[in-house]
Every structure is written in C-alpha cells, then in structure tokens.
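Participant: Mind looking at a prediction? Sequence and model below.
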Amino acid sequence: MDAWTLLSFGPEGWGDDIARGVLVTISLALATLPIGLFIGFFIAIAKKSPEPSLRLAGNIYTTIFRGLPELLTLFLVYFGVQIGLQQVMRLFNPDASIEINSFVAGMVALAVVLSSYSSEVFLSAFRAIPNGQYEGGYAVGLSNSQTMRLVIFPQLIRIALPGLSNLWLILLKDTALVSVIGLADILRQTGIAARVTKQAFLFFGTACLIYLVLAILSSFAFSAIERWAGKAELHR
Amino acid sequence: MSGATGNVAVVDRPPPAARGWPRARIVGTILVGLWALVGIGLVVYMIYAWNPELFARYAPSYLSGLWITLKLVGISIVIGAILSVPIAYARMSKNRLLNALSYGYVYFFRGTPLIAQTFLIYYGLGSFRPQLEAVGLWWFFRDAFNCGVFAFSLNTAAYQAEILRGAIQSVGRGQWEGASALGLSKMQTLWKVILPQALIVALRPYGNEIILMIKGSAIVAIITVYDLMGETRRAYSRSFDFQTYIWAALIYLSMVEILRNAIEWIEKAITVHLKR
C-alpha cells in the first residue's frame, strides 16, 4: 500500500484516527492552558508579595515542579493520585478500585508544570510595571483588587504575551507525553498505525509534521494577538 | 552650626510598619504550613514504607540508571555543542540557501516534541533496515541508547545553535569594528573579543538547556533504555511500590538543583569584572 492510501480517510487509511488524535491533543492543550495560567498568575502574585512566607511557599512550588521531568510528574499524578484515592476509598468500601481518566491526569500534570513556568513569566512582567501605576491607581481611589484588574492586568498581559506564546508552544509539545499513559493523542494514534502497518517512519514523520503545522498555526495566531495588543501602544 | 548637628540626632523617623497579622501573612503561613505538612508526610511515608530488601534490590539499578542518564545527557550536550557551531554560522550567514536550510532545521527540531523525534529515529529508522545494513550503520541504530543519543544531539544542537547565535548577536557592532580597527582578523576577533563576551550572555541559557536535557532524558525510558526513569518504571512494575517514583523524583530534583546552583555560582564568578 502506498503512503497516500495509508494516510487517507477511507477504511484502508489511518487519516480519521490521526485526525481524532489531533482533536484530543488540541483539546488537552486548550483545557490545560487556562488552568495553568490561572494558577501561575496567583503564584506570581505570591512570589512578588512583601510577605516572606508567601514568597517561600511560591518558590517551593516552582522549584519542585520545574525541577521534575514532565514525564515523572505525569506518572506521579497518574499513579500517585490513583493509589491515594484508592486508599481513601478502601476506608469506605474494601474492594473499590479506581481508574483515573488519563485525560484528567494529563491535564493536572501539565497544568502544574505550566503554572510553575508561567508564574516566572508573570513575575518578570510584574517587575516591568513601575510602582507608579499602583500608586496612580490608589490615588484615584481604586481598591487593591480594582487596581489589579483595571490598571495592572491589562498592561501585564501585553508584556507577558511573548513569554506566554512560548509557553503555549512548550505545552503543545508536552501533550505528546500523555500518549505514554494511554491517551489517544496524535502520537498514540500514529504509534498504533505504525505498529499495525509496519510503516513507522511514515507515521511518526506525519506526527512530527502535524506538530509542526500546529506550531506554525499557533505562531500565526500569536502574532495576530500581539499586533492587536500592540495597537494600544500606537495610540499614545 | 552645632544646632544643626544636634538636630540630626533627634530627627524623627517614622515608626517601623506594624507587623501584625494581615491577610497575606495568614495565607502565607497556612501555605508554608501545608508545604511543611507535605514534607513531613513524605518523610513519614518514606520511613513507614522503608523496606531494606527493596532498597538492597533496586539501589544498584538506580545507580546504573543514573549513570546512563548522565552519560546520555553528557554525550548529547557535547555532540550538540559541536553541531551547533556550523548551524549557528549558517543561521547568521548572508547566503540565502544556508540561511533557509539552517532555519528549517532549527524550526523542525524546536517545533516538534522531543518524544516524537525520538520515536521517529528509533522506530522510524527501523523501516530502512536494509538500506542501513547496506551502508553498515545498522549496528548503531539497532541500539536504543544510540538512537536516544542521536535524537537528543540533533535536538539540542538546534537549541544550542539559537543560544549561540543570540549570544554572538548580543555583542555590539562596535566590538567588531574596534577589533578590525586594531587589525585583528575575523577569526581572531571572534575568539578573543566576541566569544568571551558572548559566553557570559550564553551561560544561563546553556545551563537551562542542560537542565531541559536532563528532564527530557526521561523520555528514553519509553524506547526501552534503562536510564533512571527506565529503572524506576521497571522497579515499580515489579514491586508496585509507589516509593520507587518518589526516589526518582528526589534524585532528579537534586540533580537539577545542584546544576542550577552551580550555574549561579559560575555566573557570579565570571561576572566579577562587571560589578561596580
């Protein structure tokens, strides 16, 4: 069979399976992104606070999750949470057994890793905003949270955008690891196709090209967003 | 006059800010307390789950796994550093073709997951077994460790080329012009003027790249290399004891932390002349 038949969407081809894998990869990345950024933002706030204990707590978090290999974090979440929940369930029901959804496990592990990286991006963006912006906010009578929401946050996002787009690309690539715990993403689907058809180079090459296309598409999207965010600068 | 000096002594400073219990401090203390609980829980778990038999059985294999990981990362980083020089040169050259080729190379290896690249080389090159046997390279690609080194070297070469290029371009044009005014050749300028300055800039990204490689090297466990991660997976699949993963986490974490602190120390040592 030639390569085009194998990659086609017909009954002979693997195109539809791979397309489903692409959807899984994209939805995993999209589901992880807001959670990771949300947690990362609060960790950045903790790390820039004048309160030493908050800073310490934030730094411990980033040190741990930036130091562990992503694959190991994934296994720790997948097996660790499973065992932990099982122990808890055993208290109530001695022969309960729990299977964790690999999508959820992947989402949690990737969100934890993403949040520790994004906290650094947010932190350096916070440092780029001069103190006068806060003082100006307080001077016109805004409360702490209003200043954050109305004055600081819009500027912060614009400064952090290049770093965040980088993190998105890293996240997209890291989703490939989730294939190891059995989630049917791009790499898993192409791997199955490779094993069945014995055309490993073709299928893994296709997987690489799909990731490349996703990266190119996201960089287009990000340059559009950056242009849109940069418009505010021009108006001044 | 004496009145003026006397005034200095009685100047009123604002009282130190009251250190009560604002909300931030309460939250911070609770969070630190939670981390402390996690730490204590971990220690208690390790003591509770301590199994001398398990330790005696798997400690040697963890050590050999650690050695494989270090070997893999070390070899890949060195080969990647050698490969990165021509790639960085091509990226900076004015030749359109060289530029496009190196850009494509860097884009491919930075835009696709390392695990997919590793699979492509380990499983994918198996499709070309007859051809590889014909040119006498099959013995190399048959071994998973070699494939890992091959994939990691190509990958890190792309990243290192970008680091090198960024560092060289961060050195101002005036440095090149000054050196050429002194009659230094291009090569001499690069070696004696540009690189010493560029490497200071590059140190931190290089360090991060090594850390990324150490973390990324866990992937080779999937292609049946028994590195630290591979030994951990084997130990877990035999004993079903979760502490095997905790051990691996502690080892990886201490490796990365040692490296990070070493880089910080080196950076401090080589930028002494920049401190004022």
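Facilitator: Received it, and whenever you're ready, just let me know what you need. Numbers count the residues shown, from 1 in each chain, chains lettered A, B, ... in the order given.
Participant: Averaged pLDDT, the helix or strand where residue A:190 lies. What do you get?
Facilitator: Under the criterion of DSSP states H and E, residue A:190 resides in helix A:186-197. On average, the pLDDT along helix A:186-197 is 91.
Participant: can I have that helix written out in PDB, keeping just the CAs?
Facilitator: C-alpha atoms of helix A:186-197 as PDB (Å, rounded to 0.1, in the frame of the first residue of the first chain):
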ATOM      1  CA  ILE A 186      -1.500  12.300  17.900                       C
ATOM      2  CA  LEU A 187       1.500  10.300  18.900                       C
ATOM      3  CA  ARG A 188      -0.500   7.400  20.300                       C
ATOM      4  CA  GLN A 189      -2.700   7.100  17.200                       C
ATOM      5  CA  THR A 190       0.300   7.300  14.800                       C
ATOM      6  CA  GLY A 191       2.100   4.800  17.000                       C
ATOM      7  CA  ILE A 192      -0.700   2.300  16.700                       C
ATOM      8  CA  ALA A 193      -0.800   2.900  13.000                       C
ATOM      9  CA  ALA A 194       3.000   2.400  12.800                       C
ATOM     10  CA  ARG A 195       2.800  -0.900  14.700                       C
ATOM     11  CA  VAL A 196      -0.100  -2.300  12.600                       C
ATOM     12  CA  THR A 197       1.200  -1.200   9.200                       C
END
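Participant: what comes into contact with that helix?
Facilitator: Here helix A:186-197 makes contact (CB atoms under 8 Å, 6 or more residues apart in numbering or on different chains) with A:1, A:6, A:14, A:17-18, A:20-22, A:24-25, A:176, A:179, A:182, A:199-200, A:202-204, A:206-207, A:210-211, B:113, B:115-116, B:119, B:123-124. Just so you know, the C-beta spots here come from the backbone N, C-alpha and C atoms, and that holds for glycine as well.
Participant: Show me which of those residues are buried.
Facilitator: Buried subset of the contacts of helix A:186-197 (neighbour count, 16 or more other CB atoms under 10 Å in any protein chain shown): A:6, A:14, A:18, A:21-22, A:24-25, A:176, A:179, A:199-200, A:202-204, A:206-207, A:210-211, B:113, B:115-116, B:119, B:123-124.
Participant: And what about the nearest residue to residue A:204 once chain neighbours are set aside, helix, strand or coil?
Facilitator: Closest residue to residue A:204 apart from its sequence neighbours, by CB to CB, 6 or more residues apart in numbering or on different chains: residue B:120 at 4.1 Å. When classified by DSSP: H, G, I helix; E, B strand; the rest coil, residue B:120 comes out as helix.
Participant: Around residue B:120, count how many other residues there are.
Facilitator: By other CB atoms under 10 Å in any protein chain shown, 23 other residues sit near residue B:120.
Participant: doesn't residue A:206 make contact with it?
Facilitator: No: using CB atoms under 8 Å, residue B:120 makes no contact with residue A:206, being 9.8 Å away.
Participant: Tell me the confidence at the nearest residue in space to residue A:186 that is not next to it in sequence?
Facilitator: Closest residue to residue A:186 apart from its sequence neighbours, by CB to CB, 6+ apart: residue A:21 at 4.3 Å. pLDDT recorded at residue A:21 is 93.
Participant: now swap in the one 3 residues further on and tell me
Facilitator: Residue-level confidence at residue A:24 comes out at 94, pLDDT.
Participant: what's the answer for residue B:267, then?
Facilitator: In this prediction, residue B:267 carries a pLDDT score of 90.
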